[in-house]
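Novice: Everything below, folded, please.
(chains A and B, ligands or ions: 2)
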Amino acid sequence: MISSVFSWLGDGANWSGPDGITHRLVQHLEYSFGALVFVLIIGIPLGLYIGHTGKGGVAIAGVANALRALPTFGLLLYLVIAYSGNLPTDWIYLGPALFVLVVLGVPAVLSNTYAGVQNVDPAARDAARGMGMTGMQVLWRVEVPNALPLIISGIRSSLLQIVATATIAAYVTLGGLGRFMIDGLSQRDYAQMAGGAVLVGLLAVALDLVMAVIQRYVVSRGITGRYALPAASADVVAAESSVSV
Amino acid sequence: MIKFESVVKKYPDGTVAVNGLDLVAPSGKITVFVGPSGCGKTTSLRMINRMIEPTSGTIWLDDQDTGKVDASTLRRGIGYVIQHAGLFPHRTIVDNVATVPLLLGRDKKKARSQAIELMERVGLPASFAKRYPAQLSGGQQQRVGVARALAADPPVMLMDEPFSAVDPVVRAELQDEFLRLQSELGKTIIFVTHDIDEAVKLGDQVAVLKVGGTLAQLASPATLLTDPVDDFVAGFVGRDRGYRALGFESGQLDPDTEQTVKLGDDAAAVGRAARDGWSLAVDDARRPLGWVRAAALAEGKQVTPELLHRGGTLAPVSGSLRGALDAALSSPAGRGVLIDDNGALVGTVTASEVVQRIESQLAGRRNGSDG
Ligand SMILES: Nc1ncnc2c1ncn2[C@@H]1O[C@H](COP(=O)(O)OP(=O)(O)OP(=O)(O)O)[C@@H](O)[C@H]1O
Ligand SMILES: [Mg+2]
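Specialist: Ligands and ions are numbered 1, 2, ... in the order given. Alright, predicted model coming up:
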């Protein structure tokens, strides 16, 4: 059974054409990143605002939790049925699909962003203000750099959820990797169905790795604790070698 | 000069933290706010740079009403040091120090090279420049905090318990260096502490605040110790204030000449130099090393470092009578060792000689100033 999945994945014919894996993969990425862009546009500024001002945190936490509890699939079907008449043709399915992915992705980014900002050492924030930074300067020069690990991990978990859930687009006639799962199911083609699932998993892992690399480069060493090697400074090297003698 | 004019701070919950504070902190001097927890020290301090807005009253910075300038602009001209340093974890030490110059739009390279000079000035090696705050000890972080506050060379510094989160040894070190730095820089400083000893050591003048946010006494440290204005201040400055006030009492002592020995001298030499069975060993620059008990040296034996008794403290001859008395009381020979600015021996005094000096000075003052 597993070998049939591999042979499905390994068959070059399955990769090409409008129904091929390559095209579906591109579609899947389009849905995912399309949704992620909206998630970031909504989640980050709102999270920064709440974290910086301390206003509205409780209300937003409630809304975010409520959003998390929404059944994604049910919401999608409801939106398609309720709004299909009011949307331009191209968006009848795409609109609701993106919407549910955004609803799914916002809570993680939003709550991590505001938690990240709120958790910044109060003494550092106080010092920043006390030295004459304006509110915006405190936010961008102190709060955001220190909140980055949490903000990025919010984006990562949001992206993982979106990529995994973007398969539902296929339920409403759209493409993406979900197609293989649905078509495989209806055609009782186990290899295609499992192959689609494996591809979604691999895509999620690959994207998370990319995010991990980005995180490594944008977060300050002072926060990650991966300090530059002592070799950077001649006198530290001298001190260390004298200790080891 | 910083001037508080009937300043009141009432928090929204009704707490009156500062109640009608009138006070002048003169330019170039250290004014210490001291008092029990919750008496409004931090609130008073933070109203100066408008981290907290006064409910009523005015705070003047020279002839500028602080309430009438943009808060950020005001703060960029005032150094600010807090208890837990509040360094920026994501920035290297040199960039932490250069924060305000960079905010003011100064040239990056120049700001950094000045920051490194400042680091050395506050006792941090330049090799720390590329480190991050988490790689420094608490005391070192506090030094960075001071350097950062000094970076734009502000005439005024506000310091809220800057040395209270480090151990007593490091604290004493930081205090000494702070005083040395201030003698070079001559900033107008408001320094908050709850430690009366720190207040007395650092302050040119000390403001004792009472819970409820009122000023109990504003005086020089010596006056505070010798002449507390009420029971609250007397209780707050503490029990052995009479002894501690001696720290501000300097007086001309008349040290006795001391015969000395050197390392390697033999028992006969020690015996010749000894008075009351003890003689003082010094090095080639006449810096005291310790006391030798003549009886401990067998015939023909030499003075070795192991034989030295180092219990006695050394008092600068130009220092306070408290130091001299302490030197006498702590000396195993009963004679306190006085040294000059280079650390070389001047002579010795006994406790009773110091006490006589103290008594005659105090008596002179009692008769002279009649009240
Ligand atoms: N934001 C606030 N809201 C309400 N009350 C406050 C606030 N900040 C301080 N207070 C109260 O004001 C009073 C003075 O506080 P402040 O922090 O100035 O004291 P302090 O002298 O610095 O004390 P400590 O030595 O403990 O630091 C205290 O009773 C405190 O509880
Ligand atoms: Mg305080």
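
Novice: And the strands in the stretch 101-250 of chain B?
Specialist: According to DSSP state E, counting those that start in this stretch, the stretch 101-250 of chain B carries its strands in the segments B:156-160, B:188-193, B:205-210, B:214-219.

Novice: State the phi and psi torsions of the residue in the stretch 101-250 of chain B that ligand 1 sits nearest to.
Specialist: Relative to ligand 1, the nearest point of the stretch 101-250 of chain B is B:His194 (4.5 Å; CB to the nearest ligand atom). C-betas here are computed from N, CA, C, even on glycine. Phi and psi for B:His194, reported as degrees, to the nearest 10, are phi -110, psi 0.

Novice: and the gap between it and B:Ser164?
Specialist: If you measure B:His194 against B:Ser164 using CB to CB, to the nearest Å, the figure is 8 Å.

Novice: okay if I get the strands of the stretch 101-250 of chain B as CSV plus distance to B:Gly264?
Specialist: Formatted as CSV, the strands of the stretch 101-250 of chain B follow (distance: least, CB to CB, whole Å):
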stretch, distance to B:Gly264
strand B:156-160, 50
strand B:188-193, 48
strand B:205-210, 50
strand B:214-219, 53
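
Novice: possible to save those strands as JSON lines with mean pLDDT and mean neighbour count?
Specialist: Listed next are those as JSON lines, based on pLDDT from 0 to 100; neighbours: other CB atoms under 10 Å in any protein chain shown:
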{"stretch": "strand B:156-160", "mean pLDDT": "97", "mean neighbour count": "23"}
{"stretch": "strand B:188-193", "mean pLDDT": "98", "mean neighbour count": "25"}
{"stretch": "strand B:205-210", "mean pLDDT": "96", "mean neighbour count": "24"}
{"stretch": "strand B:214-219", "mean pLDDT": "96", "mean neighbour count": "18"}
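
Novice: check contacts around the most centrally placed residue in chain A.
Specialist: The C-alpha lying nearest the average C-alpha coordinate of chain A belongs to A:Leu159 (CA atoms, centre = their mean; 2.2 Å). Going by CB atoms under 8 Å, 6 or more residues apart in numbering or on different chains, A:Leu159 touches A:Ser32, A:Leu36, A:Gly105, A:Leu207, A:Asp208, A:Met211.

Novice: For stretch B:200-217, measure first residue to last.
Specialist: Start to finish, the residues bounding stretch B:200-217 are 13 Å apart (CA to CA, to the nearest Å).

Novice: same deal with stretch B:80-95?
Specialist: End-to-end distance (CA to CA), stretch B:80-95: 16 Å.

Novice: near ligand 1, which residues of chain B show up?
Specialist: Proximity of chain B to ligand 1 (CB under 6 Å from any ligand atom) is limited to residues B:Tyr11, B:Asp13, B:Thr15, B:Ala17, B:Ser37, B:Gly38, B:Cys39, B:Gly40, B:Lys41, B:Thr42, B:Thr43, B:His194.

Novice: how does it look with 8 Å?
Specialist: Contacts of chain B with ligand 1, taken as CB under 8 Å from any ligand atom, map to B:9, B:11-13, B:15-18, B:33, B:35-46, B:52, B:160-161, B:192, B:194, B:209, B:211, B:213.

Novice: Buried among the residues you listed? Make that a PyMOL selection.
Specialist: To isolate the buried ones among the residues of chain B next to ligand 1 in PyMOL, judged by 16 or more other CB atoms under 10 Å in any protein chain shown, type:
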select buried, chain B and resi 9+16+17+18+33+35+39+40+41+42+43+44+45+46+52+160+161+192+194+209+213
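
Novice: Indicate which one of the strands of the stretch 101-250 of chain B is closest to B:Asp22.
Specialist: Closest to B:Asp22 of these, according to CB to CB: strand B:214-219, at 7.1 Å.

Novice: Sheet-wise, list the partners of that closest one with their directions.
Specialist: Strand B:214-219 has the following strand partners under DSSP bridges: strand B:205-210 (antiparallel).

Novice: quick one: the partner strand to chain centroid distance?
Specialist: Remark: strand B:205-210 is offset 16 Å from the chain centroid, using CA atoms, centre = their mean, to the nearest Å.

Novice: Can I get it as CSV, trimmed to CA atoms?
Specialist: Listed next in CSV are the C-alpha coordinates belonging to strand B:205-210 (Å, rounded to 0.1, in the frame of the first residue of the first chain):
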residue,chain,number,x,y,z
GLN,B,205,21.9,67.1,50.3
VAL,B,206,19.4,64.6,51.4
ALA,B,207,15.6,64.9,51.3
VAL,B,208,13.9,62.6,53.8
LEU,B,209,10.3,61.8,52.6
LYS,B,210,7.5,60.5,54.8
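
Novice: Next, B:Gly20: secondary structure please.
Specialist: Secondary structure assignment for B:Gly20 (DSSP: H, G, I helix; E, B strand; the rest coil): strand.

Novice: Please name the spatially closest residue to it (chain neighbours excluded).
Specialist: Ranked by CB to CB, 6 or more residues apart in numbering or on different chains and with sequence neighbours excluded, the top spatial neighbour of B:Gly20 is B:Ser6, at 5.3 Å.

Novice: what about that neighbour, which SS state?
Specialist: Note that with three-state DSSP, the state of B:Ser6 is strand.

Novice: The one 3 residues further on now?
Specialist: Under three-state DSSP, the three-state class of B:Lys9 is strand.

Novice: any idea how far B:Asp176 is from the nearest residue to it once chain neighbours are set aside?
Specialist: Of all residues not flanking B:Lys9 in the chain, B:Val18 sits nearest, at 4.2 Å (CB to CB, 6+ apart). According to CB to CB, B:Val18 and B:Asp176 sit 31 Å apart.

Novice: if we can go back for a sec, roughly how far apart are the residue nearest to the centre of chain A and ligand 1?
Specialist: 40 Å (CB to the nearest ligand atom, to the nearest Å).

Novice: Quick check: residues of the stretch 151-300 of chain B near chain A?
Specialist: Residues of the stretch 151-300 of chain B lying near chain A by CB under 8 Å from any CB of the partner chain: B:Leu158.

Novice: what about the stretch 151-300 of chain B, any weak spots by pLDDT?
Specialist: Scanning the stretch 151-300 of chain B for pLDDT under 70 picks out nothing.

Novice: go again using 80 as the cut-off
Specialist: Residue ranges of the stretch 151-300 of chain B with pLDDT under 80: B:239.

Novice: Please work out which residue of it is closest to chain A.
Specialist: Chain A sits closest to B:Leu158 of the stretch 151-300 of chain B, with a gap of 7.9 Å, by CB to the nearest CB.

Novice: does that residue really touch B:Gly77, like I thought?
Specialist: No - contact criterion CB atoms under 8 Å: B:Leu158 and B:Gly77 do not qualify, at 11.4 Å.
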